[in-house]
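A.B. asks: Turn this into a structure:
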Amino acid sequence: MVYREVTMIEIKEILLRVANGYGVRAISKSLGIHRKTITGYIGLANELGAKLDLKDSITDELV
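C.D. replies: Sure, this is the predicted structure:
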């Protein structure tokens, strides 16, 4: 199994797509990132207090 680094730009794109209502599977297919990885980043963002229903709460400092 090959692991690759997920860039900060990709993490921000994940969070923005979640805020826009995309599902984990759709994000996974479009970005080529495993579903569990995406779910992990969503969980971390929630722990850090991001309101994923508000696009303005996704800042560079959060990522």
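A.B. asks: contacts and neighbour counts: CA atoms only from here.
C.D. replies: Noted.
A.B. asks: what sits against the residue nearest the centre of the chain?
C.D. replies: Nearest to the geometric centre of the chain sits I14, at 2.9 Å (CA atoms, centre = their mean). Listed by CA atoms under 8 Å, 6 or more residues apart in numbering, the contact set of I14 reads 27, 38.
A.B. asks: Please report how far it lies from I38.
C.D. replies: 7 Å (CA to CA, to the nearest Å).
A.B. asks: any common contacting residues for those two?
C.D. replies: I27.
A.B. asks: thinking again about what came up before, element containing the residue nearest to the centre of the chain?
C.D. replies: helix 8-19 (DSSP states H and E).
A.B. asks: in that helix, what's buried?
C.D. replies: For helix 8-19, burial by neighbour count (16 or more other CA atoms under 10 Å) applies to 11-12, 14-19.
A.B. asks: And for stretch 37-54?
C.D. replies: Going by neighbour count (16+ other CA under 10 Å), the buried part of stretch 37-54 is 38, 41-42, 45, 50, 52.
A.B. asks: ok, now stretch 21-35?
C.D. replies: 24, 27-28, 33.
A.B. asks: What segments of the chain are helices?
C.D. replies: 8-19, 24-31, 35-47 (DSSP state H).
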